[in-house]
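[1] quick one: sequence and predicted model below, then my questions.
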Amino acid sequence: MKDLVSKKVTRCRVGFVCEAIIQYMPFIGWYRKMICDDVFVSRSFQADGPIIKKNISHFHRSGCTRMLFLSPEGVVVDFGKRDVEYIKECRE
């Protein structure tokens with residue numbers, strides 16, 4: 001037990017990559033956007049790439065350590081025209 005107490009604890013910020021719509025949810029979304037500085041994506045790397053790079057650069061400049069949780073939501077189950085286009089865009 002003594003070994004656990006004597007070890008130095010390293011703290012870091014915890015961030016999430018989440019669906020863009022969440023940032024507009026009252027209170028929780030606003031808090032995650034303004035205070036936690038989470039990464040909000042719309043599932044298009046063409047649009048999200050610069051946002052992700054900017055967010056990561058911001059944290060590198062700040063000197064703050066951070067764990068970033070990636071938790072992709074959902075899967076494409078309907079292979080309609082829009083779904084096939086979405087998959088194609090993701091692969092590009």
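    Cool, got the structure.

[2] in a helix, Gly15, correct?
    No. If the criterion is DSSP: H, G, I helix; E, B strand; the rest coil, then Gly15 is strand and not within a helix.

[3] so how far is Gly63 from it?
    15 Å (CB to CB, to the nearest Å). C-beta: built from backbone N, CA, C; applies to glycine.

[4] more crowded one of the two?
    Gly15 (18 against 6; other CB atoms under 10 Å).

[5] please report the distance of the more buried one from Pro26.
    The value you get for Gly15 to Pro26, if CB to CB is used, is 21 Å.

[6] now Gly80: phi and psi?
    Here is the backbone geometry of Gly80 (degrees, to the nearest 10): phi -80, psi -180.

[7] so what touches stretch 18-27?
    For stretch 18-27, contacts defined as CB atoms under 8 Å, 6 or more residues apart in numbering pick out 28-30, 32-33, 38-43, 71, 73.

[8] could I get those residues as a markdown table with secondary structure and neighbour count?
    Formatted as a markdown table, those follow (DSSP: H, G, I helix; E, B strand; the rest coil; neighbours: other CB atoms under 10 Å):
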| residue | secondary structure | neighbour count |
| --- | --- | --- |
| Ile28 | helix | 10 |
| Gly29 | helix | 17 |
| Trp30 | helix | 13 |
| Arg32 | helix | 19 |
| Lys33 | helix | 15 |
| Asp38 | coil | 21 |
| Val39 | strand | 20 |
| Phe40 | strand | 20 |
| Val41 | strand | 18 |
| Ser42 | coil | 12 |
| Arg43 | coil | 14 |
| Ser71 | coil | 8 |
| Glu73 | coil | 7 |
